[in-house]
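>>> Let me see the structure of the following:
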Amino acid sequence: MEEVYRAMDEVKAAMNEHVDLVADLVQRVSSELRSGFAPAVDNLFRFFRAVDWKEPWLIGLMSFHVILLLVVILSRRKVNFQLLLALFSFGGVFMAERINTYLAKNWKKFSSQNYFDSHGVFISVLWSGPLVIFTMLIVVNTLITLCSLMIRWKRAELRHRARQNRAKRD
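Numbering: from 1, shown residues only. Down below sits the predicted model:
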């Protein structure tokens, strides 16, 4: 009996040691995540503060994205049109590097400062980012539409089978 108690104590000690290790690991990961996101958030705020949002072309770009979002929302029942919008969005993202290069060469014609760096951060955030989000909305909407279509199909199939079974009984 004493051996059983000793074995239970060993298991209990091993479990406590394991729980302490996991708790320490969770605490370290949590603190790293908290400290890791702070510089990223600060950089994001600095990025948005550095942009002159009163420039007409930026207002136009933001207006374009708002209108495109409204079109995506209002056309949610038109799957074929949404496919066209998704292809347009993918094309815009695909062309982002070329657009960035062109705008970097010609920024003096429309802007007060050059936002178009060689890494494409600005165009990624303000052009590609919204287009990718709109495409994700379209994909989610398409999945919801497909699920509802599958439900309607299955209900119709079950009604058809029920009618066939009633006809066989009669």
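>>> From the chain's centroid, how far away is the helix or strand of the chain with the lowest mean pLDDT?
Taking mean pLDDT, DSSP states H and E as the measure, the chain has helix 2-50 as its least confident helix or strand, at a mean of 75. Distance of helix 2-50 from its chain centroid, counting by Cα atoms, centre = their mean, to the nearest Å, is 27 Å.
>>> Tell me the buried residues in stretch 75-84?
75-76, 82 (16 or more other Cβ atoms under 10 Å). Yep, even glycine has a C-beta here, placed from its N, CA and C like the rest.
>>> Can you give the distance from it to the centre of its chain?
19 Å.
>>> what is the mean pLDDT for it?
Averaged across stretch 75-84, the pLDDT comes to 93.
>>> Look at the most centrally placed residue in the chain and give its secondary structure.
The centroid of the chain falls nearest to residue 133 when counting by Cα atoms, centre = their mean (5.8 Å). With DSSP: H, G, I helix; E, B strand; the rest coil as the basis, the three-state label of residue 133 is helix.
>>> what's the next helix or strand after the least confident helix or strand of the chain packed up against?
With elements assigned by DSSP states H and E, the helix or strand that comes after helix 2-50 is helix 56-74. For helix 56-74, the packing partners by 3 or more Cβ pairs under 8 Å, 6 or more residues apart in numbering; DSSP states H and E come out as helix 79-94, helix 129-169.
>>> what do you get if the cut-off is 7 Å, keeping everything else the same?
Here helix 56-74 touches helix 129-169, going by 3 or more Cβ pairs under 7 Å, 6 or more residues apart in numbering; DSSP states H and E.
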